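J.: Next input, structure requested:
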Amino acid sequence: HTTNDDLIGRVSVDLTNLTPNVIYTMKYNLYASAKCNPREEKYGSITIRLRLELENQRTLLLSNIQYPESVYVNSNNKKDSKVMHKTVHGNVDMKKYGLANINQYIEELYDYLTIYYYLEDSFLSLIFWRGKSTVHIPVPWLPTLSIKWVPFSGPLHSLIAFLCLIRMVENPELIPTIFFGSIGWILMATMEFRTSGPDPWARCKSFKHYFWSLICGDGLIKPHDIAPNENIERIREREGAWKKRVKDAERKAEEYAKEQEQYWKEMEERGDIDEDLSVVKNKFTLNPTTAYLYPIQQWLGIIINALRITKNIVIWEESYLSFWLAAVSFLLCVISLFVPWCLIVKWTMRITVYVFFGPWMMLLDTYYIQVDEAEESEHEDRQKSERQEYLADQILQAQILREDNTKLRDFKQYMFGEYITKVNIMKKDRFIDKPLPESSAVVYKPKKKSLGSLAMQEAGCQSVRVDGQQLVGTMIPRMYESPPAAPIGKPIKKIDDDIPNYNDSY
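T.: Sure, this is the predicted structure:
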């Protein structure tokens with residue numbers, strides 16, 4: 001930003017699909033916002049260089065099981081707070097009321113209709129066995145008396161769908177099993193679509209990589225180089241074909257709209273026929289007032305954020321969450337395979353019929369449902385008392401939560417600054433910033449160090465830790481101090497058990 005807080009541009013660097021021990025030199029286009037149009041490339045570009053250090057990929061994978069906590073950044077200066085807000089959310093405040101923001105939400109909802117083309121391609125590829133999936137099959141290799149993995153390419157998804165549907169038709173009790181399995185199968189299909197693409201910067205980590213990380217602690221994807229403009233011709237060809245298809249669909253939609261407009265003009269020339277003489281034909285008008293439209297804008301924002309998060313999980317932008325969803329789906333698929341669904345449904349229907357539709361329901365009605373006025377009044381008083389107790393408990397819990405939030409906000413303002421900016425913990429932007437094709441990556445080869453140098457490095461010698469603004473504690477919140485790599489009196493890389501857990505922090 002410049003001195004007068006004019007936005008130069010912003011970019012969001014996604015670390016999800018980066019590989020450790022690789023030096024990335026990435027070039028990004030700068031935009032005013034990632035939440036709405038227009039996305040004009042008039043803000044220039046920026047080149048960054050980074051390297052990711054990750055000791056254990058299993059720990060990172062397991063940390064994504066729990067929902068991340070809200071992150072807030074405080075500042076003492078209002079000017080700095082505006083800079084942080086624009087850095088996080090961009091130059092356009094989508095929470096502020098405005099017809100332009102409502103139109104942006106509606107436009108984004110229309111953009112989601114492009115999923116039809118993906119569904120059409122997938123359906124035709126599935127039905128006509130067009131898809132090509134590559135799997136490696138173990139084959140005995142007699143010359144060396146070993147196992148050789150031979151790649152096999154074929155319409156694997158069509159074969160799986162065919163076999164599963166045959167089993168489901170012949171055995172309807174397998175419907176829950178196939179339902180859970182289909183969720184993981186769809187996620188695997190979208191993952192395969194991304195990993196097989198020509199753009200190395202648009203690929204994601206595979207299910208196999210995360211599964212191997214969960215078992216062994218280290219992923220299957222090893223550090224590898226990425227050359228500038230790698231596969232640039234195939235990338236341009238693929239993007240050009242997709243843009244052409246969207247433009248052709250838009251052209252057909254415009255032609256259809258013109259035909260419909262001409263049709264309705266011809267119908268107007270004929271004249272309307274309405275037998276109801278009391279109907280007064282008025283044109284529909286909408287009063288653009290804040291009282292009516294701002295709640296609609298807020299609901300649109302909630303719907304859009306839910307769609308963005310769902311889309312990012314399905315297309316493996318949130319690849320850690322996608323892996324866990326696929327893993328849970330496959331686990332439920334296997335578990336439901338051993339559940340006697342037919343027996344459960346049969347006995348559930350039996351119990352329902354024999355218990356709730358028998359003649360003894362007349363006795364229940366006589367001695368319990370049809371009560372006299374005194375008993376009915378006593379029953380109503382008891383229900384009213386229970387509702388009041390429940391409401392009082394809910395009011396108390398809400399009051400405690402408000403007090404905790406007020407106390408936390410006051411402590412953070414006292415310790416770190418008056419102005420607070422909330423940082424996104426999930427990917428809720430409409431547009432995902434991707435590195436440009438001229439970006440590159442080189443495998444990092446660290447210099448060999450002596451045992452003494454390694455010990456000093458692991459002990460944190462000549463390194464400074466900057467504590468953040470995370471607060472822990474309930475009665476008196478205090479700053480969370482990052483645990484050292486080697487606490488005093490403890491072996492290297494061993495951390496005390498009494499260090500506060502982030503699950504108990506604010």
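J.: Can you show me the strands along the protein?
T.: In the chain, the segments counted as strands under DSSP state E are 22-29, 45-51, 71-75, 133-141, 146-154, 419-423, 440-443, 471-472, 478-479.
J.: need these in CSV with mean neighbour count, can you?
T.: C-betas here are computed from N, CA, C, even on glycine. Formatted as CSV, those follow (neighbours: other CB atoms under 10 Å):
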stretch, mean neighbour count
strand 22-29, 18
strand 45-51, 12
strand 71-75, 18
strand 133-141, 11
strand 146-154, 11
strand 419-423, 16
strand 440-443, 17
strand 471-472, 18
strand 478-479, 13
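J.: among the ones you listed, which gets the worst mean confidence?
T.: Here the lowest mean pLDDT among the strands of the chain goes to strand 478-479, at a mean of 73.
J.: so what does that one touch, helix or strand wise?
T.: Judged by 3 or more CB pairs under 8 Å, 6 or more residues apart in numbering; DSSP states H and E, the packing partners of strand 478-479 are strand 471-472.
J.: out of the strands of the chain, nearest to Asn305?
T.: strand 419-423 (13.3 Å; CB to CB).
J.: what's the closest of the strands of the chain to Ile315?
T.: Of all the strands of the chain, strand 133-141 sits nearest to Ile315, with 17.8 Å by CB to CB.
J.: Run the angle between that closest one and strand 146-154 for me.
T.: On the basis of axes from the mean of the first three to the mean of the last three CA atoms, to 10 degrees, strand 133-141 is oriented at 150 degrees to strand 146-154.
J.: Send over strand 133-141 as PDB, restricted to the C-alpha atoms.
T.: C-alpha atoms of strand 133-141 as PDB (Å, rounded to 0.1, in the frame of the first residue of the first chain):
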ATOM      1  CA  SER A 133      -7.900 -44.100 -15.900                       C
ATOM      2  CA  THR A 134      -4.400 -45.600 -15.300                       C
ATOM      3  CA  VAL A 135      -3.800 -48.100 -12.500                       C
ATOM      4  CA  HIS A 136      -0.700 -50.200 -11.800                       C
ATOM      5  CA  ILE A 137      -1.300 -53.900 -11.600                       C
ATOM      6  CA  PRO A 138       1.300 -56.200  -9.800                       C
ATOM      7  CA  VAL A 139       2.600 -58.900 -12.300                       C
ATOM      8  CA  PRO A 140       5.100 -61.600 -11.400                       C
ATOM      9  CA  TRP A 141       8.400 -61.000 -13.100                       C
END
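J.: Any chance of JSON lines for the strands of the chain, columns distance to Pro340?
T.: Converted to JSON lines, these look like this (distance: least, CB to CB, whole Å):
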{"stretch": "strand 22-29", "distance to Pro340": "50"}
{"stretch": "strand 45-51", "distance to Pro340": "54"}
{"stretch": "strand 71-75", "distance to Pro340": "47"}
{"stretch": "strand 133-141", "distance to Pro340": "33"}
{"stretch": "strand 146-154", "distance to Pro340": "35"}
{"stretch": "strand 419-423", "distance to Pro340": "49"}
{"stretch": "strand 440-443", "distance to Pro340": "52"}
{"stretch": "strand 471-472", "distance to Pro340": "48"}
{"stretch": "strand 478-479", "distance to Pro340": "54"}
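J.: Which one of the ones you listed lies nearest to His224?
T.: Nearest to His224 among these is strand 440-443; the distance by CB to CB comes to 6.6 Å.
J.: Now do the closest one: distance to the chain's middle.
T.: Averaged C-alpha coordinates place strand 440-443 at 28 Å from its chain's average position (CA atoms, centre = their mean, to the nearest Å).
J.: same deal with stretch 34-50?
T.: With CA atoms, centre = their mean as the basis, stretch 34-50 stands 22 Å off its chain's centre.
J.: Pull up the distance across it, start to finish.
T.: End-to-end span of stretch 34-50 (CA to CA, to the nearest Å): 22 Å.
J.: quick one: contacts of that stretch?
T.: Contact partners of stretch 34-50, identified using CB atoms under 8 Å, 6 or more residues apart in numbering, comprise 8-13, 18, 23-32, 89-90, 92, 94, 101, 104, 107-108, 428-433, 436.
J.: buried subset of these?
T.: Listed as buried from these are 9-12, 18, 23-32, 89-90, 92, 94, 101, 104, 108, 428-430, 433; burial here means 16 or more other CB atoms under 10 Å.
J.: Sort out for me which of the contacts of stretch 34-50 are in helices.
T.: Of the contacts of stretch 34-50, the ones assigned to helices by DSSP state H are 89, 101, 104, 107-108.
J.: For the residues you listed, work out which two are farthest apart.
T.: Every pair of these checked by CB to CB; the farthest is His89 and Glu107, at 18.5 Å.
J.: any low-confidence regions in the stretch 201-350 of the chain?
T.: Where the stretch 201-350 of the chain drops to pLDDT under 70, the residues are 263-264, 266-291.
J.: can you give me the helices for it?
T.: Taking DSSP state H, counting those that start in this stretch to define them, one finds helices in the stretch 201-350 of the chain at 207-216, 232-270, 290-314, 319-337, 341-356.
J.: now the angle from the third one to helix 319-337?
T.: With the same axes, to 10 degrees as the criterion, the two stretches helix 290-314 and helix 319-337 enclose an angle of 70 degrees.
J.: elements contacting helix 290-314?
T.: The contact analysis (3+ CB pairs under 8 Å, 6+ apart) places helix 290-314 against helix 99-111, helix 175-195, helix 319-337.
J.: Include distance to Leu293 when you put those into TSV, please.
T.: Formatted as TSV, the helices and strands packed on helix 290-314 follow (distance: least, CB to CB, whole Å):
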stretch	distance to Leu293
helix 99-111	6
helix 175-195	36
helix 319-337	33
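J.: quick one, which of those helices is nearest to Glu259?
T.: Here helix 99-111 is closest among these (CB to CB), at 20.0 Å.
J.: Stretch 90-105: end-to-end distance?
T.: Criterion CA to CA; first-to-last residue distance in stretch 90-105 is 16 Å.
J.: swap that for stretch 455-467, please
T.: Using CA to CA, the end-to-end distance of stretch 455-467 comes to 23 Å.
J.: that older thread, in CSV: the helices of the stretch 201-350 of the chain, plus mean neighbour count and distance to Val442.
T.: As requested, the helices of the stretch 201-350 of the chain are arranged in CSV below (neighbours: other CB atoms under 10 Å; distance: least, CB to CB, whole Å):
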stretch, mean neighbour count, distance to Val442
helix 207-216, 17, 21
helix 232-270, 11, 18
helix 290-314, 15, 29
helix 319-337, 18, 23
helix 341-356, 11, 54
